[in-house]
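Engineer: give me the fold of what follows.
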Amino acid sequence: MSLEAHKHDLRASGEPYFLHPYEVAMVVANEIPLDDISVASALLHDVVEDTRFELKDIRAEFGETIADIVDGATKITDIFESHEVTQAESYRKLLLSMVNDIRVMLLKFADRLHNMRTLEYLPPEKRVRLARETLEIYAPFAHRFGLARIKWELEDLSFKHIHRAEYDQISRQLKSRRREREHYINKFVLPITKRLSEEGLKYEIEGRPKHIYSIYNKMVKRSKPLDEIYDLFAVRIILDTTDNNDCFMVYGIVSELYKPIPERFKDYISVPKKNGYQSIHTTVVGPDGRMVELQIRTRAMHEIAEKGVAAHWMYKENKTSLDKELESWVNWVREIFEQKSDDTPRELMESFKLNLYQDEIYVFTPKGDLKILPRNATPLDFAFEIHSNVGFHCIGAKVNGRIVPLNTILRSGDQLEIITSKNQTPNADWEQFVVTHKAKSSIRKWIREEARKKSEDGRHLWEKKLKKNKFTIGEEEITRFVHSLRFENLQDFYLALAEGKIEADGMIEQLMMRSKHPVADALRGSPEEAQSLFSRFINTARDVASGISILGSSDNFMHQYAKCCNPIPGDEIVGFVTTGDGIKIHRKDCKNVISMRMTESQRLVDVSWPAPNGVDFIAAVHISGQDRPGLLSDVTHAISTYQNTNIRSVNMDSKGPLFDGQIILFVKNTEHLSRLIEKIKKVPGIVSVERFFA
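Structural biologist: Got it, this is the predicted structure:
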């Protein structure tokens with residue numbers, strides 16, 4: 001299919017285009033290496049982007065998985081084609097936030113590697129742009145995914161196109177000394193191989209060539225010419241053994257043969273790196289006083305170190321914030337690959353999803369600038385992120401060229417254009433679907449400011465009406481009146497006037513009536529009044545019930561009610577025999593009764609309230625919630641409409657936008673009270689309702 005799709009296309013080199021997907025598939029198969037799904041995806045990775053075939057064709061022919069991988073690879077290509085790379089770290093996060101299947105990233109590494117190998121056919125400007133992008137994003141990423149060889153080649157090829165003169169110079173010098181270097185390594189290794197063979201160890205010794213970009217960085221860092229970069233000589237000893245102690249024995253042998261440099265010794269076997277990397281690192285002084293880097297590890301350690309994805313992505317790289325976030329993820333990856341399960345490699349890959357940056361999305365302005373927003377952000381969040389004025393006047397948005405509603409959830413990689421209008425103003429509903437603090441606070445601020453302006457209009461209207469009715473009222477009196485209407489303050493009262501929720505004429509009529517017939521505000525009271533109200537309630541409740549029955553007898557025993565729990569008719573009660581005060585009546589769930597049962601249970605006696613005889617008993621409820629006009633009316637209506645319940649008294653107190661208070665009622669029994677509590681809870685604005693004990 002790939003061959004058919006690309007049959008009319010040529011590459012910049014003049015070769016058939018199909019050679020590119022073919023070579024990418026070869027990298028995926030041989031150099032990474034991955035499964036057959038990945039090889040198929042590599043062959044098809046440019047089909048959707050460059051040919052007449054669409055994603056639905058690939059989905060129909062090859063299934064969901066391959067189609068998803070091709071789709072992911074296409075999206076990443078689109079991002080890099082349409083935007084200049086400015087923040088490498090953000091772009092790396094962008095890639096991870098977009099990618100669901102890890103094979104998408106591995107395929108992109110293979111794709112980029114082949115493009116870099118054939119970069120010389122492109123114009124100079126594009127060559128440098130792609131090389132810089134590779135050096136800043138793909139090479140560090142390949143390193144973190146453990147693709148060490150690919151990382152080195154990407155770096156060297158990028159370096160070659162960005163700093164051609166320096167690359168050629170180092171390359172020439174290394175080439176001219178290659179034979180000399182190989183001869184030196186052989187001379188260095190000879191006594192080691194002799195000793196290891198004498199010890200009966202199975203091993204492999206290989207020279208580790210230093211790649212050109214790494215050498216260049218060391219020359220720059222140390223401000224030294226190539227001649228003085230000692231660790232161009234590097235050797236790795238891989239032991240075919242399962243005993244880690246053999247590595248230390250080999251280190252002992254090498255230390256006998258060559259003088260080690262103590263400060264260059266690192267034991268990653270006893271204390272592995274966080275990503276599981278294990279090896280002994282040391283530097284010794286070899287023949288002719290030259291320094292040689294040495295790594296000693298077992299075959300199993302070598303496999304873990306070299307294996308893709310789980311390899312030593314933190315090794316020899318400056319720590320960044322991305323490292324920390326990837327660290328635990330890579331540990332998890334390593335565990336997956338090391339599990340001895342019945343899953344095939346393909347099944348492992350299928351279940352292996354990249355969800356690192358779920359909490360962030362990365363979107364673009366029309367000019368290609370990158371913006372980071374929280375997950376579930378909308379075009380409105382994006383508008384406020386640009387500027388509060390853009391947010392205030394936003395009437396719509398284009399996402400990837402298509403007009404969408406303002407509450408559309410954005411995804412990583414989306415490109416947005418905000419449409420504004422001078423006539424547009426924020427809507428109170430906006431606050432419900434924006435997620436950024438900047439958008440929420442800007443909308444609230446605007447709404448508050450608008451409310452202030454409206455309340456100012458309401459104040460002018462009120463003063464005009466007062467003047468017309470030739471009625472004057474002091475500030476203290478109007479404030480008291482406003483509170484009695486359940487408004488928090490004068491501004492809310494004026495706002496209600498401006499919005500037509502209340503009529504100014506009606507309010508003035510009420511005030512004029514009050515001035516002719518002054519009445520006490522029965523619904524208000526200080527905490528002290530509330531307390532005395534409760535005391536009166538307790539006494540009345542007990543009077544209604546008149547007396548108690550002790551041990552089933554209704555004789556008039558001397559008794560008192562305990563102040564610790566204030567029992568009232570309807571409560572389950574118990575008596576405690578005291579000396580001098582007769583019997584103290586407690587609620588059964590009183591804390592003091594619980595301790596009495598453990599220490600002086602013989603002094604507890606059974607007591608009960610007398611039969612109700614059809615008389616209601618008194619109970620109290622404590623209610624609290626969000627204050628609003630008409631709330632009290634709704635609460636009293638809910639009570640009185642249930643079995644014609646009578647209210648004895650009400651005491652309410654406002655605290656800013658909240659209120660709390662007590663209502664004393666006549667109820668038939670505790671079940672009657674429970675039903676009333678349920679009804680009150682359903683009144684809008686009520687937060688809590690509970691029986692009031694004391």
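Engineer: list the contacts for the residue nearest to D240 when sequence neighbours are not counted?
Structural biologist: Closest residue in space to D240, ignoring its immediate chain neighbours: K202 at 3.9 Å, by C-beta to C-beta, 6 or more residues apart in numbering. In short, each C-beta sits where N, CA and C put it, glycine included. Contacts of K202 were listed using C-beta atoms under 8 Å, 6 or more residues apart in numbering, and they are L239, D240, T241.
Engineer: ok, the residues you listed vs E4, which is closest?
Structural biologist: Nearest to E4 among the contacts of K202, counting by C-beta to C-beta, is D240 at 47.7 Å.
Engineer: follow-up on the earlier one: can I get the contacts of K202 in TSV including pLDDT, secondary structure and neighbour count?
Structural biologist: Output for the contacts of K202, formatted as TSV (pLDDT from 0 to 100; DSSP: H, G, I helix; E, B strand; the rest coil; neighbours: other C-beta atoms under 10 Å):
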residue	pLDDT	secondary structure	neighbour count
L239	94	strand	23
D240	92	coil	12
T241	90	coil	17
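Engineer: output these in TSV, with distance to E385 appended to each entry.
Structural biologist: Output for these, formatted as TSV (distance: C-beta to C-beta, whole Å):
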residue	distance to E385
L239	56
D240	58
T241	58
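Engineer: in the stretch 151-300 of the chain, what spans have low per-residue confidence?
Structural biologist: 208-210, 227-232, 273-276 (pLDDT under 70).
Engineer: hmm, 80 instead?
Structural biologist: 174-178, 207-210, 218, 221-233, 272-277 (pLDDT under 80).
Engineer: name the element G396 belongs to?
Structural biologist: strand 394-399 (DSSP states H and E).
Engineer: cool, L294 as well?
Structural biologist: With DSSP H and E as the test, L294 turns up in strand 291-298.
Engineer: quick one: contacts of that strand?
Structural biologist: Here strand 291-298 has contacts from 188, 208, 230-231, 233-242, 244, 246-247, 250-251, 254, 258, 261, 269, 278-286, 305, using C-beta under 8 Å, 6+ apart.
Engineer: ok, stretch 11-28 next?
Structural biologist: Counting by C-beta under 8 Å, 6+ apart, residues outside stretch 11-28 touching it are 2-3, 6-7, 9-10, 34, 38-39, 42-47, 50, 106-107, 110-111, 113-115, 117-118, 121-122.
Engineer: which among those end up buried?
Structural biologist: 2, 6, 34, 38-39, 42-47, 50, 106-107, 110-111, 113-115, 118, 122 (16 or more other C-beta atoms under 10 Å).
Engineer: next step: those restricted to helices.
Structural biologist: Judged by DSSP state H, the subset of the buried ones among the contacts of stretch 11-28 located in helices is 2, 38-39, 42-44, 47, 50, 106-107, 110-111, 113-115.
Engineer: the residues you listed: which two are farthest apart?
Structural biologist: D50 and L106 (20.9 Å).
Engineer: where along the stretch 451-600 of the chain do the strands fall?
Structural biologist: 549-550, 559-561, 573-577, 583-587 (DSSP state E, counting those that start in this stretch).
Engineer: any idea which of the ones you listed is most buried?
Structural biologist: Mean neighbours per residue, mean count of other C-beta atoms under 10 Å, is largest over the strands of the stretch 451-600 of the chain for strand 583-587, with a mean of 22.
Engineer: now do that one, average pLDDT.
Structural biologist: Mean pLDDT, strand 583-587: 85.
Engineer: over to stretch 23-41?
Structural biologist: So the average pLDDT for stretch 23-41 ends up being 85.
Engineer: just the buried residues of that stretch, please?
Structural biologist: For stretch 23-41, by 16+ other C-beta under 10 Å, it's 23-25, 27-29, 31-32, 34-35, 37-41.
Engineer: select the longest helix from the chain.
Structural biologist: helix 437-468.
Engineer: list the buried ones in it?
Structural biologist: For helix 437-468, burial by neighbour count (16+ other C-beta under 10 Å) applies to 439-440, 442-443, 446-447, 451, 454-455, 458-459, 462, 465-466.
Engineer: what's the spacing between it and its chain's center?
Structural biologist: 36 Å (C-alpha atoms, centre = their mean, to the nearest Å).
Engineer: just checking, what packs against that helix?
Structural biologist: Counting contacts by 3 or more C-beta pairs under 8 Å, 6 or more residues apart in numbering; DSSP states H and E, helix 437-468 is packed against helix 379-386, helix 388-392, helix 430-433, helix 490-498, helix 504-516.
Engineer: return the most buried member of those helices.
Structural biologist: It is helix 379-386: most buried of those by mean count of other C-beta under 10 Å, with a mean of 24.
Engineer: packing partners for that helix?
Structural biologist: Using 3+ C-beta pairs under 8 Å, 6+ apart: helix 379-386 touches strand 370-374, helix 388-392, strand 394-399, strand 416-420, helix 437-468.
Engineer: got TSV for these, with mean pLDDT and distance to P140 too?
Structural biologist: Below are the helices and strands packed on helix 379-386 laid out as TSV (pLDDT from 0 to 100; distance: least, C-beta to C-beta, whole Å):
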stretch	mean pLDDT	distance to P140
strand 370-374	82	18
helix 388-392	88	35
strand 394-399	89	30
strand 416-420	89	28
helix 437-468	86	31
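Engineer: quick one, what contacts the residue nearest to D246 when sequence neighbours are not counted?
Structural biologist: Of all residues not flanking D246 in the chain, L239 sits nearest, at 5.4 Å (C-beta to C-beta, 6+ apart). For L239, the contact set (C-beta under 8 Å, 6+ apart) comprises L201, K202, Y203, D246, C247, V250, I296, R297, T298, R299.
Engineer: tell me the bridge partners for L239.
Structural biologist: Per DSSP bridges, the residues bridged to L239 are Y203, T298.
Engineer: distance of it relative to N245?
Structural biologist: 11 Å (C-beta to C-beta, to the nearest Å).
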